[in-house]
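> Structure, please.
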Amino acid sequence: MIRLRNLGKRYGDNVVLQGVDLDAAPGEFVVILGQSGAGKSTMLRCINGLVQPDGGQLEVDGLDTANCRDLRLLRRHVAMIFQHHHVVPRLSVLKNVLTGRLGSLPTWSSVLQLFRGDDIALAMECLERVGLAHKAHERTDALSGGQMQRVGIARALAQRPKVILADEPVASLDPHTSRRVLQYLRDACRELGITVLCNLHQVEYAREFGDRIVGLAHGRVLFDCWPEELAEADLQQLYGSSPAPAVPAGSPPVLAPITFEMST
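A predicted model of the protein is given here:
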């Protein structure tokens, strides 16, 4: 589904990515660990076309995204979830989710924000899956931070993407809400066959939710392993003498799995 080969990116003399190789299969939840400045965000932005790589090969479901000139086509394949929600506060929750359908509409419909009945039904279905259908007609700025992030997940699901890229999606959330958000992402990955690349700082969350864990430092992949294989030596190599970021003690356990059934 995702295939990176020798991916490189630099800004002047600052080399951000150097020779990154990475594969992710359909329906796989891959966690990217690394310190700030490791190149995690730049890698995701290369995949979704926000940043143009300087070299290497980059494919999503066979589409050469490094040289894709049709960004609307790319954005239909790849959805993005950001750290700071990126919702429109004055719009309703439903309209925020419907913006995930804009890439699939004719240009005139996108400009006028005229949505079909099946788009509205899909948006409501996605809100139901993240437990926010009852908030559909409320202004988004009336929600909590965790609820706003769930709106972001619903918006991403409304795109019907093949890939979701999540850039530190729980960095500003408390442990209980963080686990809830990550559970929605993991269940969408498993039940809908969506590939998820998720940048995280918390090692415990990586072990708990990731199918695979990739360590990135100074723009290079240091390790690529199963969660049970992640060793303290790997973390020492990744974080150096600094302790690996941890979830606060006493965090509640992961919630029971949620089942998704996406209609087509």
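> So residue 115: helix, strand or coil?
coil (DSSP: H, G, I helix; E, B strand; the rest coil).
> Excluding chain neighbours, give the residue nearest to it in space.
Leaving aside its sequence neighbours, residue 115 sits nearest to residue 98 (CB to CB, 6 or more residues apart in numbering; 5.3 Å). In this view, the C-beta of every residue, glycine as well, is placed from N, C-alpha and C.
> quick one: the one you found from residue 191, how far?
Separation of residue 98 from residue 191 (CB to CB, to the nearest Å) stands at 22 Å.
> and what of residue 221?
On the measure of CB to CB, residue 221 and residue 191 end up 28 Å apart.
> Among these two, which residue is more densely surrounded?
When residue 221 and residue 191 are compared for neighbours, residue 221 comes out ahead with 21 against 16, by other CB atoms under 10 Å.
> For that one, give me its contacts.
20, 21, 22, 214, 215 (CB atoms under 8 Å, 6 or more residues apart in numbering).
> Kindly report the same for residue 190.
By CB under 8 Å, 6+ apart, the contact set of residue 190 is 27, 29.
> helix, strand or coil for it?
From three-state DSSP, the assignment for residue 190 is helix.
> Okay, now the unreliable bits of the stretch 1-150 of the chain?
Applying pLDDT under 70 to the stretch 1-150 of the chain flags residues 104-113.
> hey, where'd the helices end up in the chain?
40-47, 71-77, 93-98, 107-112, 117-129, 145-158, 175-192, 203-209, 232-239 (DSSP state H).
> Also compute the angle for the longest one relative to helix 117-129, please.
When you say that, I think you mean helix 175-192. Per axes from the mean of the first three to the mean of the last three CA atoms, to 10 degrees, the angle that helix 175-192 makes with helix 117-129 is 130 degrees.
> by how many degrees do helix 175-192 and helix 145-158 diverge?
Going by the same axes, to 10 degrees, helix 175-192 makes 10 degrees with helix 145-158.
> Report the separation between residue 214 and residue 87.
28 Å.
> give the contact list for residue 159.
Residue 159 touches 75, 76, 79, 100, 101, 103, 104, counting by CB under 8 Å, 6+ apart.
> No more questions from me, cheers.
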